Structures are given as structure tokens and as C-alpha cells.
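Trainee: sequence and predicted structure below; questions after.
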Amino acid sequence: MRVTLSTLDTCESSFTPLVVIELAQDVKDETKEWLKNRIIAKKKDGGAQLLFRPLLNKYEKETLENQNLYLVGASNVRLLLGAEAVGLVKESTDAAMRAFTYGTRHSFKGFHDNNNDFLTMAECQFIIKHELENLRARDEKMIPGYPQAKLYPGKSLSHSSRVAIDVEGGNLAEVAAFFCQAQAPSDFPFKVRRLLTSGIVTQVFPLHDPEALKKLEDTWYTRFALKYQPIDSIRGYFGETIALYFGFLEYFTFALIPMAVIGLPYYLFVWEDYDKYVIFASFNLIWSTVILEVWKRGCANMTYRWGTLVMKRQFEEPRPGFHGVLGINSVTGREEPLYSSYKRQLRIYLVSLPFVCLCLYFSLYVMMIYFDMEEWALSLHENSGSEWTSFLLYVPSIVYAVVIEIMNRLYRYAAEFLTSWEEPQIGICLPEPSCPESAGACAFNFLNCFASLFYIAFVLKDMKLLRQSLATLLITSQILNQVVESLLPYWLQRKYCASVKRKVRALKSDVDTTLYEQVLLEKEMGTYLGTFDDYLELFLQFGYVSLFSCVYPLAAAFAVLNNFTEVNSDALKMCRVFKRPFSEPSASIGVWQLAFETMSVISVVTNCALIGMSPQVNAVFPESKTDLVLIVVAVEHALLALKFILAFAIPDKPRHIQQKLARLEFESLEALKQQQMKLVAENLKEECQDDGKEAA
């Protein structure tokens, strides 16, 4: 018997809470009842058909503090059907990765009818998030009790999320059936985020699992030891996006060790002999290419094993806070509110672009103030020559590094607002580095951090000041990031936890407050906005190491020391400082791969130019500088050619992964052929029956 969503029980009194929804304190009762009915309603009625109950029952509300907190969960069958709907890919018994379907569930490795651990908790929370975001409005024109919060009603399509299933390894018959049904009128999901923008829902977040979190912490960061991270366990708890970041952080740290080992003797013995840095700079350029190509192969191995390499992403829905004229999306064919591209372009060119230029101008203006401070400190030291003034020489760089970090963060806040304003259909897209806001923030951070170094290197041509500035900027930014991102929030969180525990213990109640205390603690934690800032920090660090390696070879050593502590501080941040983020499937580090590769290309130009500017190299060509320039350009082009040859010679995916992907493609084509033949046979049979009836 085929199990459908309509047979699931959504009124279970006891279930495992996975997600918490907090409503505003002044939300009307009719709105609460409407939201509850939407969440527990059947799929055919536009609901999510999930399990839903308040955190506190009537007796507990009288005993404890009343909170508008609600728990959301799902039965095991509902989660399995949700896994099919979102297109999760699992390992089958023949060791191939295939899109999970409920009908073929017994053909997947590790599945048993009485096994509730087939799906990780992160996957279960991702499924619930997907269902909450695709709640459908029926005949409502507005949210009950809030006439200003308009909805876009429409008919519901069952299994509308099947577009996320990769045809490779998927149930082709069901996928084909979906596309046949998809010709029906589509609807617009109001999503829980629509309630967030209306102020009805305060927040929605997944709950931590205290036991699983404790086990993860014990194998991850609580014991300081040089060991590999439990990447698969991180993926099982936080999802693929977070696991890929920590995997890349670990890989990048170990990849820096050869640069650190080679850079140390260069720093100690041949500091001023720039002509001897040609070998070191050449090794740096080859190293930067090889490590990025090898990472792509390792990433493909991991994501294939996790099932995300063959999993396709859904088309992005318009953000629920956007109000526009309903129209047909030319890509998806769905009816949704659209925004005029003409108006968006006007906003970009008349407001956003001038604002970005103003920020860049301000950044350059601050840089010139920094150079004035450097000149003042140098003149003061030359006049007095005391130990105090020698220390004062580093103060301008330290102050400038602090100002850079402040400016970077201020720009992020401004860029988020501008992106939400100029892209009203999409909204803020912090986790995605390909978003306009993220690309602009990346460019601003690059200029803000490296403009002074380029000015010192190629305008002032002061190598001593370049070394000093590079070292100060690198070390100061690393210390600031550790304190601001992890240590300070953790200290504040500890103080709040102690306060909440004292408050709960003071309540004279005879009920179990374990879950109540956990929810109270987690709801006040900060929200993790994605891996953008974490990758950006590594990106800038990679720039410090590669762009000016022939001037300051110790940069890699400092980066290694920082990253060994960064692993633990970021792990602490994820486990104890921020709310647990919803899992997001990822197949790679995205456009960050391109960003790192671009930085490595820029490093070829800068290192060749710095070597060509050194006095030792210039002494070889005392009369003709044209020959020197031609030779430097020729060497630069040769190194770039070598980089591209290496990138082409090293496949992005290992051969065994390529073979498995080709096998899945072949199987999907064969299944499609069989399905088409079956449809043709059925049509011929119907035509024969019709002919027989006509003859009779």
C-alpha cells in the first residue's frame, strides 16, 4: 500500500522537537490558531502536515513564565517523504549515490523500518524548514488579525518541490509525472519568513541536541591536540555548508605548512637578497595553484560521499517581504510578484554605485591619513631615537588595522541594506558569495586591506615599510577577528547562561524545566549569518601570504599559528555562541574557489614586479631598463602559463568519481528510454482499444 501524506497523524502529543517558532508577545489568538492550522494542515490543503505544539502546556504556563514559543517536529514517515520531496541523495545498497524515494527506501544502505537514525538531525531540520517556507495560502487575502500583511492565494501543487531532484538516480517516472501535473495553475508560498517581515513571528531556529553536541565537542575542540577534525560528524550535525568550511580551513592550514617551513630560513638568512627570492616566489606561485586544484578533487570526494555532488538546487523563490505586481516568471513559469528591472537598474546606478564609490574614496582618504601618521612617527623617532619612539613606529599600523576591521563591518551592514533595497525580489543574501552584496563586500574588503600595501610597494617603493605594514596588518587583524568573532561573544553568552539558570532555578515549579531552559538559552543566542565572513577572512589571509611573499616570507608561519587556534575558536562559536543554523546542502565552496584562484593570478603579477624592482635585479641592467621590463613581463607570462597548464592537467574530479557520475547518467538515460517506451506502448494500446470500439 502506498503511504501518502494524508495518512499521517499530525496530532501526536509527544514528539521530538526539532524547530522552535517564537511569536511576538502581542500576537492575536486568531493568528496563532491560523498559523497552527496552516502548519498541521494536510499538504493538499496547502499545509505542511507537521507536528506542532506550544512549549508550555496550560499548567506549565501558569507555573512558569508565559512565552509565545512553539515546537515543531514530524513523524518518521513524514520526514522520509520530505526527504524525497527536497531531493536528498543517499547511498544505495550497490554503493551508488541516488536520490532517495520513499517507495524504494529499502534499497538504501542503513535503512530499516524501525530505524529513526537514517536521516541526520540536520537533514530533518532542513526538511522542516523547507516545508515551513512552502506553506501555501488558500483563500486568504491577508494574515488573520493583520489586514496590512497581504497574502497571495493560490492552488496547491502536491510534491511541487520535486524540481530539486537530480534526474541522475531519481525516480524518473515520478519526476515525469510531476512535470505533467505541473501544468496546473501555480501558487505563491507565503512562507514563514513573510510572517517574520510582518513582525508576527520573531524567529525560527533549529534546536541543538545536547547529547550529540557534547559528543561532537569532545572529538572536535575541547581537547587541544594536533589532529584531524571530525568532518563527517560536523556534516551530520551542522550540514554540508558548515562542514565544507571547516574542511577547507583544515586543508588550507596544512597546505600553508610547506610555505611556512621554507619561508623561515629565507627570513633568517637571505632577508635583503631579493634576487634569491625568485625561487621562493616561484614555489609560492606553483604552490597556490596546486593546493587549489587538489582541494577541488578532495571536495568532490567529500560531497559525492555526502550525496550533494549529484543533488540539484531549487530555483530561488522571491523573498516573502516583497510586494510587487503578479506576473509569470520566464524561467520557472510560476506566477509570482515581479519587480521592474528598469527600476532596479536606476537604483543601482543612481544610489548604490555612488555609495560604493563614496566608501572607496573614504577608504583611500583614511589610508592617506595612515601614511601621515607613519611619517609623523618616523620623524619623531629620528629626532629622539628612544625605545619608546621605536615602539611608536608600530602604532600607526596597529591603529590602521583596527580602523580597517571597523570599516569592513560597517560596509557590510550598509551593503546588506542596499542589496535588500535594490533587489527586492531576492532580499538579503548573506550566505551566498555570488550575491551582489557579497561581491561588493568582497571587493571593498580587498581594496580596504591591500590598497595601502600596493601603494607602499609600487608608489613609495619602501620595502622596509611594506614588511612592517604587512606584518602589523596580518597579526592585528588575526587577533581582532579571534576576539570579536568568538571570545567576546562566548564571554557574553556565558554571563547570560548563568543568569537564565539562576532565573529558572528560582521558579518554584514541580515541572521538568530542562527543555524550557534549553529553549530560553538558545533563543537569545546570536544568529549565524553564514560562512561568508569566515571565507572572507581566509581569502584575505591568502592574499597576505601570496601577494607579497618575496617581501615577508614569515606571513605563512603566522597564518598557520592563527589557523590552528581559528579551528577551535570557530568550533566554539558554532557550538556555544550562535544558534544552530539550518543545514544547507552544498557541493563545493562556490565562487570562493574562483576568488582564491583570482588572488593567485594577481600574486604572479605582484611578486614578479617586486622582484624586478629589487636593487640586486636592477644592478644587472644598469643601462637599459627596457630589457629588465621585458624580462620581468616574459617571466610573468611564463609563470601564468605554467599555472594554467597545471590547472588544466589536474582534473577537478578524481577518475573514480567521474566514472560513478557517468554511470548514473547512463542509468538515468536508460530509465528514461524505458519510460518513454512504456508510454508509447500504453498509447498504442489505448488507440487499439478505441479502434476496436469504433469497429464494434
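Mentor: Great, that's in hand. Here the structure is a predicted model, which is why all the values come from computation and not from measurement.

Trainee: where in the stretch 151-300 of the chain is pLDDT low?
Mentor: 151-194, 223-226, 270-277 (pLDDT under 70).

Trainee: go again using 50 as the cut-off
Mentor: Scanning the stretch 151-300 of the chain for pLDDT under 50 picks out 154-188.

Trainee: mind checking how far F126 is from L410?
Mentor: 33 Å (C-beta to C-beta, to the nearest Å). The way it works is simple: take the backbone N, C-alpha and C, and place the C-beta from them, glycine included.

Trainee: got it, and H112?
Mentor: For H112, the distance to L410 - C-beta to C-beta - is 53 Å.

Trainee: could you do V27 as well?
Mentor: In terms of C-beta to C-beta, V27 sits 34 Å off from L410.

Trainee: so for the two, which sits in the more crowded spot?
Mentor: V27 (18 against 11; other C-beta atoms under 10 Å).

Trainee: my read: the more buried one touches N68, true?
Mentor: Yes. Counting by C-beta atoms under 8 Å, V27 touches N68, with 6.3 Å between them.

Trainee: Y70 should be in a helix, yeah?
Mentor: No. Assigned with DSSP: H, G, I helix; E, B strand; the rest coil, Y70 falls outside any helix and is strand.

Trainee: which residue packs closest to it, ignoring adjacent ones?
Mentor: Once flanking residues are discounted, Y70 sits nearest to I21: 4.6 Å by C-beta to C-beta, 6 or more residues apart in numbering.

Trainee: wait, A255 sits on I291?
Mentor: Yes. Counting by C-beta under 8 Å, I291 is a contact partner of A255 at 4.3 Å.

Trainee: could you pull out the helices in the stretch 101-250 of the chain for me?
Mentor: Ranges of helices in the stretch 101-250 of the chain, per DSSP state H, counting those that start in this stretch, are 121-133, 172-181, 191-197, 210-220, 231-238, 240-269.

Trainee: no, scratch that, I was asking about the stretch 451-600 of the chain
Mentor: 463-482, 488-506, 514-523, 532-547, 555-572, 592-613.

Trainee: closest to F205 out of the ones you listed?
Mentor: Nearest of these to F205, taken as C-beta to C-beta: helix 514-523 at 6.8 Å.

Trainee: pull out the buried positions in the closest one.
Mentor: Buried residues in helix 514-523, counted by 16 or more other C-beta atoms under 10 Å: Y516, E517, Q518, V519, L520, L521, E522, K523.

Trainee: tell me how far the fifth one lies from L69.
Mentor: Pointing back at L520 there. L520 is 8 Å from L69, by C-beta to C-beta.

Trainee: can you give me the strands for the protein?
Mentor: 19-23, 51-54, 69-73, 89-91, 97-99, 142-143, 146-150, 201-206, 325-328, 335-338 (DSSP state E).

Trainee: so what touches the fourth one?
Mentor: Around strand 89-91, the neighbours that count as contacts under C-beta atoms under 8 Å, 6 or more residues apart in numbering are 83, 97-100, 108-110, 118, 166, 169, 305, 307-308, 310-311.

Trainee: make it 6 Å
Mentor: M97, A99, F100, F108, K109, G307, V310, M311 (C-beta atoms under 6 Å, 6 or more residues apart in numbering).

Trainee: the longest one too?
Mentor: Strand 201-206 is contacted by residues V19, V20, I21, E22, L23, A24, Q125, V192, L195, K579, R580, F582 when judged by C-beta under 6 Å, 6+ apart.

Trainee: nearest residue to V86 in space, please, no chain neighbours.
Mentor: H130 (5.2 Å).

Trainee: these two touch, right, that neighbour and A85?
Mentor: No. In this structure H130 lies outside contact range of A85 using C-beta atoms under 6 Å: 7.4 Å.
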